[in-house]
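K.L.:
no FASTA, just this:
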């Protein structure tokens, strides 16, 4: 059973940085993609970034391109999201998710496993 545990959220001022981590266990991730999503109050869970675990191919939603970087440490089975130049509109609960294969990677419903989420709050 795959388990995902996020950490690294917190309160930061606009323009600041945070790095989120997601520790993955319980599976062989060679065919998996790992994604970061976020959910603000009253809104649906939205795609932020994705990485193909084996080859490292990445993609981002337009609003975070140039500011966020997704990466993974295959030796430690840890997924990261480096967030720079944070804005108040980035405030949300951030979740990591895992799924097999690259198709539909931007759809939350396509993910099989989720972490518990970590709160990111950006003050103006």
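P.N.:
Structure's in. What do you need? All values derive from a computational prediction rather than experimental measurement.
K.L.:
How about the spatially most central residue of the chain, nearest residue that isn't a chain neighbour?
P.N.:
A centroid search over the chain (Cα atoms, centre = their mean) returns residue 36, at 2.0 Å, as the residue closest to the centre. In space, and not counting its chain neighbours, residue 36 is closest to residue 48: 4.3 Å by Cβ to Cβ, 6 or more residues apart in numbering. Backbone N, C-alpha and C define where each C-beta goes, glycine included.
K.L.:
Name the helix or strand for that neighbour, please.
P.N.:
Assessed by DSSP states H and E, residue 48 sits inside strand 46-52.
K.L.:
Flag every buried residue along that strand.
P.N.:
By neighbour count on 16 or more other Cβ atoms under 10 Å, the buried set for strand 46-52 is 47, 48, 49, 50, 51, 52.
K.L.:
So for the third one, what's the pLDDT?
P.N.:
pLDDT, residue 49: 98.
K.L.:
list the contacts for it?
P.N.:
For residue 49, the contact set (Cβ atoms under 8 Å, 6 or more residues apart in numbering) comprises 35, 36, 58, 59, 60, 61, 64, 68, 70, 81.
K.L.:
cool, the second one as well?
P.N.:
Contacts here follow Cβ under 8 Å, 6+ apart; on that basis residue 48 touches 35, 36, 37, 38, 60, 61, 64, 68, 81, 94.
K.L.:
export the residues you listed to a markdown table and tack on distance to residue 13 and pLDDT?
P.N.:
Below are these laid out as a markdown table (distance: Cβ to Cβ, whole Å; pLDDT from 0 to 100):
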| residue | distance to residue 13 | pLDDT |
| --- | --- | --- |
| 35 | 27 | 97 |
| 36 | 21 | 98 |
| 37 | 24 | 98 |
| 38 | 19 | 98 |
| 60 | 23 | 98 |
| 61 | 23 | 98 |
| 64 | 18 | 98 |
| 68 | 17 | 98 |
| 81 | 18 | 98 |
| 94 | 18 | 98 |
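K.L.:
Among these, which lie within strands?
P.N.:
Within the contacts of residue 48, residues falling in strands by DSSP state E are 35, 36, 37, 38, 60, 68, 81, 94.
K.L.:
could the residues you listed be laid out in JSON lines, adding distance to residue 105?
P.N.:
Output for the ones in strands among the contacts of residue 48, formatted as JSON lines (distance: Cβ to Cβ, whole Å):
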{"residue": "35", "distance to residue 105": "6"}
{"residue": "36", "distance to residue 105": "11"}
{"residue": "37", "distance to residue 105": "11"}
{"residue": "38", "distance to residue 105": "15"}
{"residue": "60", "distance to residue 105": "11"}
{"residue": "68", "distance to residue 105": "16"}
{"residue": "81", "distance to residue 105": "15"}
{"residue": "94", "distance to residue 105": "16"}
